[in-house]
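Undergrad: Provide a 3D model corresponding to the input given below.
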Amino acid sequence: MTIYVTRHGQTDWNQKNILLGSTDMELNETGKAQALQLKKQLENINFDHIISSDLKRAHQTAQIISNNNPNIILNSNLRERNYGNLEGTTPENIGQFWNVPANIKEYSVEPIQDFLTRVFKELDNIIQNYSNNQKILIVTHYGVVMAIDAYFHNKFNYCFDNFLFNNCEFRTYEIN
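TA: Below you'll find the model as predicted:
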């Protein structure tokens, strides 16, 4: 199985460096253009399944990539992490909330260990429910992409420092 993972296109809050989290927001014009460019990069890949976060920005990106395929599977477990009272702000010390051992539980932010467990369980489900020779596209969010990368590289011992992943960038993971 090959899992392709991409982040949604840009939103107005992404452009302004405002913490978006689980706030439901649509793509801006740049985000739509990014999704069209990604569509061209992926056009020669025949995906067996497209699974998207159910938040608008990810679902819109999946629709653009897939030519409005009505069979996109919407999945709330692939939503971005809920940043509680910090959403809509530009917090400078957001990195502390990615400290797995500390598992900070302030400002109604979804604890990192709960978030990782949610994403890891969903990846387990995807791997168990689809066959080995399939190509799966997951359209999701920055934090979820980090969690997916952690899943394939050291799980709870993963270092989230200096992780960079742009809007509509993608990665592939091979499952044997």
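
Undergrad: low-scoring stretches of the protein, by residue?
TA: Along the chain, the parts satisfying pLDDT under 70 run over 156.

Undergrad: which helices and strands sit right next to whichever helix or strand Ile51 is part of?
TA: Following DSSP states H and E, one finds Ile51 within strand 49-53. Applying 3 or more Cβ pairs under 8 Å, 6 or more residues apart in numbering; DSSP states H and E, one finds that strand 49-53 contacts helix 56-65, strand 73-75, strand 135-140. Where you see a C-beta, it was placed from the backbone N, CA and C, and this is true even at glycine.

Undergrad: got the ones you listed as JSON lines, with distance to Ile45 columns?
TA: Listed next are the helices and strands packed on strand 49-53 as JSON lines, based on distance: least, Cβ to Cβ, whole Å:
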{"stretch": "helix 56-65", "distance to Ile45": "10"}
{"stretch": "strand 73-75", "distance to Ile45": "17"}
{"stretch": "strand 135-140", "distance to Ile45": "6"}
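
Undergrad: for those, give me a markdown table that also has mean neighbour count and distance to Asp12.
TA: Putting the helices and strands packed on strand 49-53 into a markdown table (neighbours: other Cβ atoms under 10 Å; distance: least, Cβ to Cβ, whole Å) gives the following:
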| stretch | mean neighbour count | distance to Asp12 |
| --- | --- | --- |
| helix 56-65 | 24 | 10 |
| strand 73-75 | 16 | 22 |
| strand 135-140 | 25 | 19 |
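
Undergrad: between those, which gets nearest to Pro91?
TA: Among the helices and strands packed on strand 49-53, helix 56-65 comes nearest to Pro91, with 20.0 Å by Cβ to Cβ.

Undergrad: between the lengthiest helix in the chain and strand 49-53, how big is the angle?
TA: If you go by DSSP state H, the chain has its longest helix at helix 112-129. Here the directions of helix 112-129 and strand 49-53 differ by 160 degrees (axes from the mean of the first three to the mean of the last three Cα atoms, to 10 degrees).

Undergrad: roughly how far does Asn82 sit from Asp161?
TA: Distance, Asn82 to Asp161, using Cβ to Cβ, to the nearest Å: 22 Å.

Undergrad: who's more crowded, those two?
TA: Higher neighbour count among Asn82 and Asp161: Asn82, with 17 against 8, using other Cβ atoms under 10 Å.

Undergrad: so the more buried one touches Thr23, yeah?
TA: No - under the criterion of Cβ atoms under 8 Å, Asn82 makes no contact with Thr23, lying 9.2 Å away.

Undergrad: what about the helices in the protein?
TA: Using DSSP H, helices in the chain cover 12-15, 29-42, 56-65, 112-129, 142-152.

Undergrad: out of those helices, nearest to Gly88?
TA: Nearest to Gly88 among the helices of the chain is helix 12-15 (7.7 Å), distances taken as Cβ to Cβ.
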